[in-house]
Structure formats: structure tokens, C-alpha cells
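# coordinates only, no sequence provided:
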Ligand SMILES: NC(=O)C1=CN([C@@H]2O[C@H](COP(=O)(O)OP(=O)(O)OC[C@H]3O[C@@H](n4cnc5c(N)ncnc54)[C@H](O)[C@@H]3O)[C@@H](O)[C@H]2O)C=CC1
Ligand SMILES: O=C(O)C(=O)COP(=O)(O)O
């Protein structure tokens, strides 16, 4: 039974889902990094929010970990590269808390416009400070939205409902989508110049770090309101403090901070400054949504191999997962065998799918074949990391499809081009088992086995006997022997499955036989 650790405070609905699905679950929150490192080795899954930060060290210690589930949107607390390198799938719940966070942004906007938190505190202190507060209306004002994805779009809808004008900056927002949202798409500087209030809804990446900079704050109208419910680090906090102190910024409301938890901060106590402790996603509804969703997704992956909302690997539906399994297995074997038969760096790989397999989602099959192929040179590669590593190394990867008839026999053809030559290998599934049907252009019919030796030789009488004798003399038992050639007297290939690994000395003895051209030992 797979075992999952819930390491951050999460709705108990997550625990219930895991239990109902037959996944063993521990809930241990508030662990230090060292404590997490000590226990993470026992778990197949780790469920977190934003407090736990699974970094490279934690992931390295997580020897059995297969999936990290983020009950929420932002995954900047997870070292995705370290997870990818180790084959750990990272998934989030991209929609479950979006409405709640948009509502928090609107709440912050109103709070800032009317200074509700400080008015409340002072009223309850017995001051009745009626004459100290004069807010501004949001009606007819221009709201500048930076980042118009899920949450930004929900904020736009709500702001339009408040009869605000909405302008948006997002490099990936199309003009059509902006029109549909009722927002005007503008450039970043124009947004800073025209807005009466600015709200941020981007991830924290290089292009957004410090996007509310001192210089851009200087472009804004006097009396601007700044709201950030996205990520700390988007706003230059020092510049914001100066602009608030100078009375240029009317009010600012931050839910997120560059360093969290923010227990002390230069902005704290600044007049017209409002802070909430990263509460954007904290409603009953959102927490129930993300907890159920993350637990379902993690259980699906651990129990069936289905992948949804993963950030580092292609999606596989629950219905596809069992149908894909034999092809993933075939692809892995084909790739791993071929990778051990190459003698030069790979330039490009083409995966050609034929027959019924073309009806499936071939992305995971390609990823598995690629991982197998790269394993000879990169032993730690896996299905998750293979596409990234291939790209980093400039290996061109192509997929193509032929004879897409559902009833046609499924074949997977790998065409690998190295700096020296081109290799073609074809495999199929026969009675549920993966088989090789063509090896470097030569037709054959062979099963995969953990220990194999590949020999290419001149097609001469007596060769097979001599090869058998070398193996026999070295007490290597032959399991199966597959032969093939293009035509009589041409080059022949044989793929021999043996019961024990072939040592270097046996490989050398085979190499020294008359007529042998190439000998490669393959282990799967
Ligand atoms: N305070 C909280 O508790 C919560 C915060 N969040 C945060 O809110 C943020 C937005 O979440 P979603 O809307 O779901 O993400 P999303 O991915 O749907 O939208 C982000 C948008 O930012 C845009 N973007 C990327 N680079 C940009 C740039 N340089 N300038 C302008 N726009 C840029 C993207 O094109 C995209 O449309 C994330 O950082 C997420 O972590 C999400 C939920 C709760
Ligand atoms: O979903 C997100 O991106 C959030 O920032 C919510 O964070 P949390 O789960 O409340 O720690």
C-alpha cells in the first residue's frame, strides 16, 4: 500500500480521500527540515501547501518518493528541478483556490480604499475616530491588473461588477481574450501611469521579480493603491514603504512577503498599510477544494499511474493509464536496448507510432523510450526528466504517426541518428509481452531479457556453432537465440538472451571470433 505524508495544515478531507482510496497516510505538520529529511524516506507521496519547502536535500533523502502534491497553486516552494531529476512528479491544484484568492484581492482593495482594519482597531479602542478617515470610491476608477491568468481574470470580472475600468498587462494575454474579459490590454508602463489601483496576479519568476519597482512606483498617479495577493518579491518593499511614507501611495495591502513568515517588517506600523499572513487561499471552500483535489490526484498517480496537473510530466488519464502500461514498458525496453548499442552521441530521435497505439496519448510512451535511450549515458535519467535532458543537450525529438487504424497491429519505431549513423529499431506487443521485430533494419522476432548480447557478423557457415561454444565454455547458459539477416551472405545479426550477465572477457572472446564485426552487451 503506498504511503503519503501530509506535511502542512490541510483540510481533513485530504486524509479521508487517501484512506478511502487505500493509501496509507500520516499527518505530521510543523516538521523542521532535518526532521523531514529523517522520515521522508518511508513515503511514496508528500502533500504540502506553501509552508513546507521540499528542496534538493529533502528530495534527495526521499528515496521512495514518487509524487509531491501541492494543495494550492504556487509551486515556488518546491524544487521542481531536483524533483524532475529524481523522477518525482510535481502536481498542483490550479483552480481550487482561485475564486477565494480573487475575493481576497477585492477585499484588500476595499480595505485599502476605506482603511477598514485601522478604523476597526481604533473604534474598538474607544476612539470613535470618525473625522480621521476619508476613503475613496472604487466606482469609475481604473484597476490595473498585472498578470491576467486564472486569478487575474476572476479579479477583472469582479472589478467590472463594481463598475471599475479594467486595464491589464500580461505578455500572454491575447487581444481577443482581453476583449472577452472586458479589459483593455496595455503595456506595463502605461498600466503604472493610468491606474488608480494596481493588483498583482503573476507567479514569481525572473520577469516579474520586483515588477513594482521604485522607478515604476514613481510613474504612478498620486493616491495609487497597491494590492499584492500573489507572491512576495513582486513588490520592492523598501520602495513601497518610502512611497507610503511620502504620501504618494494612498494605501497598500500585502498578503504575501518576500520573506515568510514575516514576523517583523519595516512596513509594519506604516500608516495606510494593511497586511494579512498569506491568507489568500484560506477559506473553508478553497481549502476543501484543494485538499480533495490534491489527494485524488496523488492517489490516482500512486495507484493507477494516472497523471493530472503535473508541472514536470505529461498528463495521463485514469482510463488511459492501464492501456498505456504495456507500451510504456515496450518503449522503455526498446529505448534502453538501443541506447546500449549506440557508439556515438545522439543528434536526433524520431518515434513513429503505427496502428492501435496511435489512438493513445503517446507522450508518456515517448518519454519512457527517451529515458531508456539516454540511460546508457545518463544513468539517473527517468521518464520525467528525459524530455528536459534531451532538450538541454540539443537532441531533437520528433513523434510521427502512420496507419492510424485502430485495429492495425501496434508498432513503435525508434529512428536514432547519432553523429556517426542512423539506427532503426522496431518493437511491438505480442500477447501482452514486448518484442523486438526489427533491429537495425534486420527483421527478427525476439523477446527482451535482462541479459543479452548483440552480435553483428558476416553471414558465414559455422558461426553460430562457434558463438555457442564460446558461451558454453564460459558456462553462460543461452535462454533464447534470435537471428536475422537482410539476404543470404549479407551481414547477419543475432540477439542472444543469456541467464547471467556477460563479462567483459566473454565479450572479448566473442569479438575475436572470425567474421564478427560488432559485439555489444545489453542489460535491462
Ligand atoms: N495569496 C495566496 O494565498 C495565493 C496566491 N496565489 C498566487 O497567485 C498567482 C497567480 O495565480 P494564477 O492566476 O492561478 O496563475 P496563472 O498561471 O493562471 O496566471 C498567471 C499569469 O501571469 C502571467 N504572467 C507571467 N509572466 C508575466 C509578466 N512578466 N508580466 C505579467 N504577467 C505575467 C501569465 O501569463 C499568466 O496569465 C500565483 O503566483 C499564485 O501562486 C494563488 C493562490 C493563493
Ligand atoms: O495556492 C497558492 O499559490 C498559495 O499561495 C496558497 O498558499 P497556502 O496553501 O495558503 O499556503
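Everything's here; your move. The model shown is predicted, which means the values in this text are computed figures rather than measured ones. Ligands and ions are numbered 1, 2, ... in the order given.

# for the stretch 251-400 of the chain, what lies in contact range of ligand 2?
278, 280-282 (CB under 6 Å from any ligand atom). C-beta coordinates here come from the backbone N, C-alpha and C atoms, glycine included.

# next, count neighbours for residue 298.
Residues near residue 298, counting by other CB atoms under 10 Å, number 30.

# which residue is the nearest non-sequential neighbour of it?
In this structure, residue 298 finds its nearest non-sequential neighbour in residue 69, 4.3 Å apart by CB to CB, 6 or more residues apart in numbering.

# returning to that earlier point: can you redo the residues of the stretch 251-400 of the chain next to ligand 2 as TSV with secondary structure?
Shown next, in TSV, are those (DSSP: H, G, I helix; E, B strand; the rest coil):
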residue	secondary structure
278	coil
280	coil
281	coil
282	coil
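
# out of those, who's nearest residue 97?
residue 281 (3.8 Å; CB to CB).

# I'd like to know how many residues surround whichever residue of the chain sits closest to ligand 1.
Taking CB to the nearest ligand atom, ligand 1 has its nearest neighbour within the chain at residue 149, 1.9 Å off. The burial count assigned to residue 149 is 17, neighbours taken as other CB under 10 Å.

# hang on, residue 209 packs against residue 234?
Yes: judged on CB atoms under 8 Å, residue 209 makes contact with residue 234 at a distance of 7.2 Å.

# with neighbour numbers in mind, choose between the two.
Between residue 209 and residue 234, counted using other CB under 10 Å, the more crowded position is residue 234 (25 against 14).

# where do the strands of the stretch 51-200 of the chain begin and end?
67-70, 89-92, 142-146, 165-169, 184-185, 197-200 (DSSP state E, counting those that start in this stretch).

# pLDDT (mean, whole number) over the last one?
Across strand 197-200, pLDDT averages out at 98.

# how about the first one?
The predicted model gives strand 67-70 an average pLDDT of 98.

# in the one helix or strand residue 35 maps to, which residues are buried?
When elements are assigned from DSSP states H and E, residue 35 belongs to helix 33-39. Using 16 or more other CB atoms under 10 Å as the burial criterion, the residues of helix 33-39 that qualify are 36-37.

# and it, what does it pack against?
helix 56-61 (3 or more CB pairs under 8 Å, 6 or more residues apart in numbering; DSSP states H and E).

# in the stretch 151-300 of the chain, which residue sits closest to ligand 2?
Closest point on the stretch 151-300 of the chain to ligand 2, by CB to the nearest ligand atom, is residue 281, at 3.7 Å.

# pretty sure residue 390 is in contact with residue 381, am I right?
No: applying CB under 8 Å, one finds residue 390 not in contact with residue 381, separated by 9.0 Å.

# find residues that contact each of the two.
With contacts defined as CB atoms under 8 Å, 6 or more residues apart in numbering, the residues shared by residue 390 and residue 381 are residue 374.

# hey, where'd the helices end up in the stretch 201-350 of the chain?
Using DSSP state H, counting those that start in this stretch, the helices of the stretch 201-350 of the chain run over 214-217, 237-245, 284-304, 320-341.

# now the ones you listed as TSV including distance to residue 480 and mean pLDDT?
Shown next, in TSV, are the helices of the stretch 201-350 of the chain (distance: least, CB to CB, whole Å; pLDDT from 0 to 100):
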stretch	distance to residue 480	mean pLDDT
helix 214-217	70	98
helix 237-245	68	98
helix 284-304	33	97
helix 320-341	14	94
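
# any stretches of the stretch 401-524 of the chain with poor pLDDT?
Scanning the stretch 401-524 of the chain for pLDDT under 70 picks out no residues.
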